[in-house]
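In: here are the coordinates; sequence isn't available:
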C-alpha cells in the first residue's frame, strides 16, 4: 500500500482482527451492491471509506427529492441524476483508491448471472421481494455469500445467507412472499430516515468481517433492530432441508 493509504486506513490496521493483512483483503475484494438507495447509500460510503478495491452498484432509478430524507449518498444537486452516476461521483470524493463499476440497469433473470459472477460478495439493498428472491437464487447457484437487509417504518432486519458454508439461504427463511398488504413498501408505510443509516452500516460491518475473517458474522442468525424502542434481538436460523433453491448443497 502507498503511504497515503497506510495513513487513510490506519485505524483499521491497528485493529488486531484486521491489521495489514485484513486491509489488503479489503483492497483486493470485489463487492456488488444491489440498489443505491436507503440501504445501499451507507453500504457504498462505508465500504469505500474502508478501502474495498472494487465495488459494483446496480440501480436503474434516478434521484428524486423524496429520496433525500434517507439516501445520504445523494445530494439536492443530484436530483434528476441516475443514482449510479451520483454514486460514482460521491464515492470518488470519499476515496479515490476505490474503483466503482456502475450498472445502470434493473437486475433481471436475464442479466443477473452475468453481473453477479464478477464479484466475491453481494449486498442486497433492494426494496422488493422479486429482486430479493432472484438475487438469492443466483448467489446460491454461483456460491456467492449474500448479505441482505430490509426495513420498514421503525424496524430493520439483517442476515448473511451463505448455504455453501452451512447457513440457510434467503428462501429457507422466507419460503413465500408475504400476502399483498402485509409488507408494504417504504413509500406506502413510511420509514424513519436514520434507520437506513443504521441498517446499511450494519451491512457494511458484516461485509468487512466477511472479507477479513474478523469476528463472527450473521451466517445462520438474524438480527432485528427496533429503532422506535431502541431494542435489538437476534435469533438462530436453520436451513430448510427441502428448500427448492439450496437443498442440493447439503
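Out: Received it, and whenever you're ready, just let me know what you need. What you are looking at is a predicted structure, and each value in this text was computed from that prediction instead of being measured.
In: Quick one: end-to-end distance for stretch 69-88.
Out: End-to-end distance of stretch 69-88 (Cα to Cα, to the nearest Å): 20 Å.
In: And stretch 42-59, by the same measure?
Out: 15 Å.
In: Can you get me the centre-to-centre distance for it and its chain?
Out: Distance of stretch 42-59 from the chain centroid (Cα atoms, centre = their mean, to the nearest Å) equals 9 Å.
In: quick check: longest helix of the chain.
Out: The longest helix of the chain (DSSP state H) is helix 193-212.
In: Return the set of buried residues in that one.
Out: 195-200, 202-212 (16 or more other Cβ atoms under 10 Å). Glycine gets a C-beta too; all of them are placed from N, C-alpha and C.
In: Ok, stretch 61-77 next?
Out: Buried-residue list, stretch 61-77, by 16+ other Cβ under 10 Å: 62-63, 67-68, 70-74.
In: cool, and stretch 9-24?
Out: In stretch 9-24, counting by 16+ other Cβ under 10 Å, buried: 9, 12-13, 18, 22-24.
In: of these, closest to residue 242?
Out: Relative to residue 242, the closest of the buried residues of stretch 9-24 is residue 22; by Cβ to Cβ it sits at 37.7 Å.
In: nearest to residue 117, of the buried residues of stretch 61-77?
Out: Nearest to residue 117 among the buried residues of stretch 61-77 is residue 73, at 25.4 Å by Cβ to Cβ.
In: Can you list the low-confidence ranges for this protein?
Out: For the chain, applying pLDDT under 70 flags the ranges 180-183, 250.
In: Let's check: the centremost residue of it is which one?
Out: Residue closest to the mean C-alpha point of the chain, counted by Cα atoms, centre = their mean, is residue 123 at 2.8 Å.
In: so that residue makes contact with residue 46?
Out: No: with contact defined as Cβ atoms under 8 Å, residue 123 does not count as touching residue 46 (10.9 Å).
In: How are the strands of this structure distributed by residue range?
Out: 30-34, 54-58, 99-103, 121-124, 146-152, 155-161, 221-226, 231-236 (DSSP state E).
In: Of all those strands, which one is nearest residue 245?
Out: For those, the distance to residue 245 is smallest for strand 155-161, at 10.0 Å, taking Cβ to Cβ.
In: what about the helices in the protein?
Out: 3-8, 10-13, 19-28, 40-50, 83-94, 112-116, 129-142, 170-173, 186-189, 193-212.
In: Tell me how far residue 55 lies from residue 107.
Out: From residue 55 across to residue 107, the span is 15 Å (Cβ to Cβ, to the nearest Å).
In: How about the contacts made by residue 98?
Out: 48, 51-55, 91 (Cβ atoms under 8 Å, 6 or more residues apart in numbering).
In: Neighbour-wise, which one of the residues you listed leads?
Out: Using other Cβ atoms under 10 Å as the neighbour criterion, residue 52 leads the contacts of residue 98 with 29 neighbours.
In: Pretty sure that residue sits against residue 26.
Out: Yes: if you go by Cβ under 8 Å, residue 52 and residue 26 touch, sitting 5.3 Å apart.
In: What number of residues are in the vicinity of the nearest residue to residue 204 once chain neighbours are set aside?
Out: Of all residues not flanking residue 204 in the chain, residue 46 sits nearest, at 3.8 Å (Cβ to Cβ, 6 or more residues apart in numbering). Neighbour count for residue 46, taken as other Cβ under 10 Å: 19.
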